[in-house]
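Chemist: Here is my input, please return the structure:
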Amino acid sequence: MVKIKTSFFCQHCGAQFPKWMGKCSACNEWNTIVEEVVEKSAPHQSESFSIEKKLPSSMEDIELETEERILIPDKELERVLGGGIVPGSLILLGGEPGIGKSTLLLQLALKLKGQRVLYVSGEESSRQIKMRAHRLGFSNPECYIYTESSTQQIIQQLLKLKPGVVIID
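Modeler: Sure, this is the predicted structure:
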């Protein structure tokens, strides 16, 4: 059975609270606390539950398989990622504010042809993203923009849209 409960989160800093407040006590921002539904499923009861013990493996004993990769039109980024994006992988892009991470990711989303791409932004509006895309001079009818910071809402859209590539900015 699924238990549903709510919690309150600051949209500015992500702090969690048991009840609504006008001012976030973590970042001191006003009117940024929103209620979100948090779903927790009951633990599965099983009498035959066991934990598989894993042992260390010698590097020589591990079989190497060639992984299929999603090719990236940007050759330098493809080189940095070892030949493209491995499906099912997670890539974290970090750096100082203002150095162009969002622009690089949007450019990638717009250049990935033949892939349904969901570009999620928790900071910018759809119009701001569209203006940047227009400045870059790229377009991709399979690139969908979603402006949301709630992970529950993002997951729901992922299940509906079923994109091949997800970029969360």
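
Chemist: what's the weakest-modelled helix or strand in this structure?
Modeler: strand 33-41 (a mean of 78; mean pLDDT, DSSP states H and E).

Chemist: Quick check: next helix or strand after that strand?
Modeler: helix 75-80 (DSSP states H and E).

Chemist: For that next one, list every residue counted as buried.
Modeler: Within helix 75-80, the residues that count as buried by 16 or more other Cβ atoms under 10 Å are 77-78. Every residue, glycine included, has its C-beta placed from N, CA and C.

Chemist: likewise stretch 125-139?
Modeler: So for stretch 125-139, counting by 16+ other Cβ under 10 Å, buried means 129, 133.

Chemist: Let me see the residues that make contact with that stretch.
Modeler: 102-103, 106-107, 110-111, 119, 121, 145, 147 (Cβ atoms under 8 Å, 6 or more residues apart in numbering).

Chemist: Can you turn the buried subset of those into a selection I can paste into ChimeraX?
Modeler: Here is the ChimeraX command that selects the buried residues among the contacts of stretch 125-139 (16+ other Cβ under 10 Å):
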select :102,106,107,110,111,119,121,145,147
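
Chemist: Farthest pair within the contacts of stretch 125-139?
Modeler: Pairwise distances across the contacts of stretch 125-139 (Cβ to Cβ) peak at 20.9 Å, for the pair Lys111 and Thr147.
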